[in-house]
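Engineer: what would the 3D arrangement of this be:
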Amino acid sequence: MIMPLTSTRLSPDWPCQVKTPGSYDWERSAVKWLRELVPARYASYPAFIRNPVLLARHAQIQVEHEIRMARTALQTARADLPRLGVHEGVIEHTIKLYAAEVMQLQHIARSVRAVTQALTGAGR
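Structural biologist: Prediction:
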């Protein structure tokens, strides 16, 4: 699908790895980026290779699950990690790591939504 060039500005969440919609080969760059977000076995499914919107949908679901996992890990770290014998300093570092990961994943989720909208032509 070739989209006409538009003068609309890209979202601040637009991934730098994906070319501007309407530019040459932009969909290929979108597919390449989306494939990096899903497990390799999914990225190679023919249905996802042939239909970037399906791939984008799966990437969105994948990232949403990762957000839930990171939030759960963050919320349970103080209670669970001491019982596992993890040192307090490591626990604090781990909590910061999970908090940063949640923020990064939320940004990725917004980026996937932006790419999905461009792939479907939403917002034109």
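
Engineer: just the helices in this structure please.
Structural biologist: Read by DSSP state H, the chain holds these helices, from start to end of the chain: 26-35, 40-43, 46-50, 52-83, 88-120.

Engineer: which among the ones you listed is found nearest to Leu10?
Structural biologist: When the helices of the chain are compared for distance to Leu10 using CB to CB, the nearest one is helix 88-120, at 7.6 Å. Quick note: C-beta positions are derived from backbone N, CA and C, even for glycine.

Engineer: quick one: average pLDDT of that closest one?
Structural biologist: Confidence for helix 88-120, expressed as mean pLDDT, is 97.

Engineer: and the direction of that helix versus that of helix 26-35, what angle?
Structural biologist: Angle of helix 88-120 versus helix 26-35, following axes from the mean of the first three to the mean of the last three CA atoms, to 10 degrees, is 150 degrees.

Engineer: look up the closest residue to Ala99, ignoring the ones flanking it.
Structural biologist: What sits nearest to Ala99 in space, not counting adjacent residues and going by CB to CB, 6 or more residues apart in numbering, is Leu74, at 6.0 Å.

Engineer: the one you found contacts Ala100, correct?
Structural biologist: No - taking CB atoms under 8 Å as the definition, Leu74 is not a contact partner of Ala100, at 9.9 Å.

Engineer: when these two are compared, which one has more neighbours?
Structural biologist: Each of Leu74 and Ala100 had its neighbours counted (other CB atoms under 10 Å), and the higher figure belongs to Leu74 (18 against 12).

Engineer: residues contacting that one?
Structural biologist: When contacts are counted by CB atoms under 8 Å, 6 or more residues apart in numbering, Leu74 is found next to Ile95, Tyr98, Ala99, Val102.
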